[in-house]
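[1] Here is my input, please return the structure:
(2 chains)
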Amino acid sequence: MKKFKSFFRSIYQREDFPLIIFSVVCFLFYLCLPVSYDDRVQIPKCTGLSLKGYWDLMVFDYFKWSSRVVVNGVMYFMLGHNGVLWKFLTAAILFFLMKFLSRIMDFPDRRKGYLIIIAMFLLVPWEYLGGAGWGACTITYLWPIALGTLSFTTVYKAMNGLPVKWWEYMLCTVILLFSTNQEQMGAVLLAANGIIFLYFLFTHRLKFVYFWNSLIAASGTLFNLTVPGNALRSEVEAAARFPDWDMVSMLDKLDLGYSLSMDKLLTGKGCVLFPLLALLLMIGVWMKYKDRLYRGISAVPFAYFVLFGLLGNVTVNIFDHFPAGNTIDKFGVVNTQNAFHMSGYMQLILYSVAGACFLLSFYVLIKDTLAGIGMMLLMLAAIAVRIVIGFSPTVYASGDRTYLVTYYVLFFAALLIYKKVIIHLPDKWLFYLDRTLYILAGFTMLNFVCGIML
Amino acid sequence: MDKRKKTVILFSVLALVAALIFPLIRYKSITSPIQETSYDPALECKSSALLWNLDSIDNSTGFIIPGWIYLQGYEPKKIRYSVWLKEKGSSRCLILTTETMEREDVAKSATDGLNHTLSGFCAAVSLRNLDLDTRDYEIIIQYACDDRNYLVPTGIFLRDQLLKG
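    Residues are numbered from 1 along each chain as shown, chains lettered A, B, ... in the order given. As a prediction, the model looks like this:
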């Protein structure tokens, strides 16, 4: 008993104690979740297969279904084996992800830092990972996102002048290859690695690892774009889910992807992460600058959220022609029915203005000009990977999980901005900011739990 | 003015220009005819199985032409409707931007037991793209679903609609 107590005390005293608890709860939580949607089909299909069987499924995907050959291959293997394995690995991957993020952020109080990272992570709605089955979505979305982030370990070490071991190169290359195979993550990884590569190229501090990672991300994205299965699947999906797909032009698809993505992000529908990030950016800029232009620019995204998201119904009730009540149909926010009304066009303009102000706020807040532009480009890439979903006939069928990559990039950005903001904040304000964050995370989790299907 | 502020102003102006250009392109793409074509009387549908209707046409600063069309006893896999404007006394036609609409009311009233929810359509064209002072246009509905291609002359002319107000 004494040994037991001292063991628990030693764990409790560890600075990563919140993270251990989070990982254990995450594992237990996954154990309790029901088998649903695609998992019901995939698990029997993948169980009892030999390695040749998994290979055949991957070959089928390559020619007939999807560019996610590697990601789906891992998913088939994991779902075909004991269900506990992928659940344990998910908890382990999240543990290492948070550890890595904590190392990058380098919060003065490590224990509190873990709490902040966990709270912000929980702001991304967990239910998005269950939209096509918990196993299928977690392995094909959460794993590439988490492992893609972990693949920056070598870059981080190189940036800080730390030695990189050969096995770290190997491991990071493998997980980068895996993550790039998820097409949205591939584009974001290409943007992130490309920005780092160009930054160090222009500042004459280029190292091999920056070039190597960019090369892998570029090759992976090229592979995703050229796989024959994607085009075939698009045809099948269009016939099944979008019979009038041929009537929608490229501009309509752009409008559709742009309007759906910007509306959801800016109004905070279903996820409070973007409004929180907009608030943090506003606080950061207002604390740092007295310039009215900077302050005005940083206030626009949060003001948009308040006017058209939080108080959207009130705004539309009072100002009934305001561009907030437009329905986004298959043509986007501007369609044949409202083609001669300003409202739809105004809404497009407002999306762009709020989005541009959001990006510019990063540039204003981050002191280093090149890093600021890099951050703007990364955010742009994160939003763009959701916008291009408008070009897919599964734009409605894939549901909210296609926002996950965007949201997780916003999560990383929110952490970075939080770190910049707390330097300028008085302790009392920081206390309230942290509590607000915990409460929001609590509400997001409560919302998720209430929505779970039994 | 410092360099950072100049860059912010430059980016802001560029963003504003970009924010204005997209809606303008959008307006042009929706309210202008997609292309010109010539009318082929051989494609005119004589079958009574092709049911259609044009709803009330809005003609404020342009025409918004809503309606529905479906082939009784046939549920298409690939849907493609378009509204054409045929110049009176000529075979020249303008193909308009047309969008499908969900029409639960039409689906409910259908008696063949098939799903005709996506039988609705809506087309738009700006008055600027038409020459209604010297010409008149008849509304034609094209039903080009799967391998079937029919043209339905509605007998409704735009100038009459304009006079109705």
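
[2] Could you use CA atoms for every contact and neighbour count after this?
    Will do.

[3] in what helix or strand does the residue of the stretch 351-454 of chain A at minimum distance from chain B lie?
    Closest to chain B within the stretch 351-454 of chain A is residue A:352: 5.2 Å, counting by CA to the nearest CA. Using DSSP states H and E, residue A:352 sits in helix A:342-365.

[4] Give me the helices and strands touching that helix, please.
    Contacts defined by 3 or more CA pairs under 8 Å, 6 or more residues apart in numbering or on different chains; DSSP states H and E place helix A:342-365 against helix A:250-267, helix A:273-288, helix A:292-304, helix A:369-387, helix B:3-31.

[5] and the one helix or strand residue B:106 maps to, what's its mean pLDDT?
    Assigning secondary structure by DSSP H and E places residue B:106 in helix B:104-109. Across helix B:104-109, the average pLDDT comes to 95.

[6] try stretch A:282-298
    95.

[7] buried sites along it?
    Neighbour counts over stretch A:282-298 (16 or more other CA atoms under 10 Å in any protein chain shown) mark A:282-286, A:288, A:294-295, A:297-298 as buried.

[8] Next, format those residues as a markdown table and append distance to residue A:98.
    Listed next are the buried residues of stretch A:282-298 as a markdown table, based on distance: CA to CA, whole Å:
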| residue | distance to residue A:98 |
| --- | --- |
| A:282 | 26 |
| A:283 | 25 |
| A:284 | 24 |
| A:285 | 27 |
| A:286 | 29 |
| A:288 | 29 |
| A:294 | 33 |
| A:295 | 32 |
| A:297 | 32 |
| A:298 | 29 |
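
[9] biggest separation within those, which pair?
    Using CA to CA, these span at most 13.6 Å, a distance reached by A:288 and A:297.

[10] Residue nearest the middle of chain B, spatially speaking?
    Centroid-nearest residue in chain B, with CA atoms, centre = their mean: residue B:123, separated by 2.2 Å.

[11] and that one, what does it touch?
    Taking CA atoms under 8 Å, 6 or more residues apart in numbering or on different chains as the contact definition, residue B:123 lies against A:336-337, B:64-66, B:82-83, B:96-99.

[12] That one - nearest residue in space that isn't next to it in sequence?
    Of all residues not flanking residue B:123 in the chain, residue B:98 sits nearest, at 4.2 Å (CA to CA, 6 or more residues apart in numbering or on different chains).

[13] Give me the three-state assignment for that neighbour.
    Assigned with DSSP: H, G, I helix; E, B strand; the rest coil, residue B:98 falls in the strand class.

[14] Wait, it touches residue A:247, no?
    Yes - at 7.4 Å, residue B:98 counts as touching residue A:247 under the criterion of CA atoms under 8 Å.

[15] any shared contact partners between the two?
    With CA under 8 Å, 6+ apart as the test, residue B:98 and residue A:247 both reach residue B:81.

[16] and the two? which has more neighbours close in?
    residue B:98 (27 against 20; other CA atoms under 10 Å in any protein chain shown).

[17] before we move on, back to that, show me which positions of the helix holding residue A:352 end up buried.
    For helix A:342-365, the neighbour count (16+ other CA under 10 Å) marks A:343-365 as buried.
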